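**Student:** here's a sequence, model it:
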Amino acid sequence: MKSNYYKITALATDDYRVRLRVARNPNTPQESLSILATDDEYDVRLAVARNPNTPQEILSILATDEDLCVHLGVAQNLNTSQETLSILATDDYRVRLAVARNLNTSQETLSILATDEDLCVRLGVARNPNTPEDIIFRIKSYEKFEDSIEK
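**Tutor:** Numbering: from 1, shown residues only. This next block holds a predicted model:
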């Protein structure tokens, strides 16, 4: 009971740095991460999004955060569900790149990102070790086609 008191006290503190440290700690209980996911400071929410202990349910909520950096943290987290990654695949190009690199991204989402307007996103798909050969071939063909247009 005493340890719960200290956890709650740390979360209730006005010191943003304490909340940030708690949010970054991979040993922070999921219940505490759930509370910190609604913090007023985007840095704290970003730390929760990047925390390897953050459950998928919280990550899916953070994927709708007002701050783009939080979206990026969710896209980089290996706990993020395929469904959430699929939603984030329509976000800013930096977020799409993180989705393309995430090892949990479904082949269906990788296939969609393989034709992304941004070259870095397409290369991120090509470098993902879970990308099937046929998608990599499509990316290579697309790049050759673009090169022929520019010449």
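**Student:** what mean pLDDT does stretch 59-70 have?
**Tutor:** Averaged over stretch 59-70, pLDDT sits at 98.
**Student:** show me how far it is from its chain's centre.
**Tutor:** With C-alpha atoms, centre = their mean, to the nearest Å as the basis, stretch 59-70 stands 9 Å off its chain's centre.
**Student:** next, count neighbours for residue 137.
**Tutor:** Other residues within reach of residue 137, judged by other C-beta atoms under 10 Å, total 12. Placement of C-beta: from N, CA and C, glycine included.
**Student:** domains in the chain, by residue range?
**Tutor:** Here the domain assignment for the chain is 1-80, 92-151, based on automatic domain parsing.
**Student:** so which residues of the protein form helices?
**Tutor:** Remark: helices assigned in the chain by DSSP state H are 2-12, 16-24, 30-36, 42-50, 56-62, 68-76, 82-88, 93-101, 107-113, 119-127, 133-150.
**Student:** list the helices and strands the second one packs on?
**Tutor:** If contacts are counted by 3 or more C-beta pairs under 8 Å, 6 or more residues apart in numbering; DSSP states H and E, helix 16-24 sits against helix 2-12, helix 30-36, helix 42-50.
**Student:** could you check the angle that helix makes with helix 42-50?
**Tutor:** For helix 16-24 against helix 42-50, the angle by axes from the mean of the first three to the mean of the last three C-alpha atoms, to 10 degrees is 10 degrees.
**Student:** contact partners of helix 16-24?
**Tutor:** If you take C-beta atoms under 8 Å, 6 or more residues apart in numbering as the criterion, helix 16-24 is touched by 7, 10-11, 13, 28, 32-33, 36, 39, 41, 43-45, 47-48, 50-51.
**Student:** if anything else comes up later, I'll come back, but that's it for now.
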